[in-house]
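K.L.:
All I have is the shape, not the residue letters:
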């Protein structure tokens, strides 16, 4: 099993999208990329921790490639809007790929370049690609939030 960590806006919808990928064994929502130790949702929403809302994906590389996970990532959010996804605004909603090894970093950079060159997006991609740092699991009420509430997406704002 391997891990992949992605920030693509509100983590509830991102979690659901990755949960539906064959070869993914688990997805947890949480916070990463900041400097504040053991942040809470309230801390992250303050915009003062530097953390992004992220999903940590456990996957079997024999069943799903990291490149396939990157394809899902590009398809579920707008990677051209800095610190914003839809109605959600703030650094915690930034587009980010947190890589766990050199292979993931190389694949992420190649995938970003290909997505940027594809013409699919009208503006340049602003997704950050950085080494994974500590993942802080979000509070339990955030885990599988949409599933627990019978929602199919994040249009609840």
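P.N.:
That came through fine. It should be emphasised that the depicted structure is a prediction, and the values quoted were computed from it without experimental measurement.
K.L.:
Buried residues, the helix or strand of the chain with the lowest mean pLDDT. List them.
P.N.:
Between all helices and strands in the chain, the lowest mean by mean pLDDT, DSSP states H and E belongs to helix 145-148, at a mean of 87. Under the neighbour-count criterion of 16 or more other C-beta atoms under 10 Å, helix 145-148 has 145-146 buried. Quick note: C-beta positions are derived from backbone N, CA and C, even for glycine.
K.L.:
Do a quick rundown of the strands in this structure.
P.N.:
For the chain, the strands defined by DSSP state E occupy 2-8, 24-32, 52-59, 84-85, 88-89, 95-99, 128-131, 136-137.
K.L.:
and these as TSV, adding mean pLDDT?
P.N.:
Shown next, in TSV, are the strands of the chain (pLDDT from 0 to 100):
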stretch	mean pLDDT
strand 2-8	98
strand 24-32	98
strand 52-59	98
strand 84-85	93
strand 88-89	93
strand 95-99	98
strand 128-131	98
strand 136-137	98
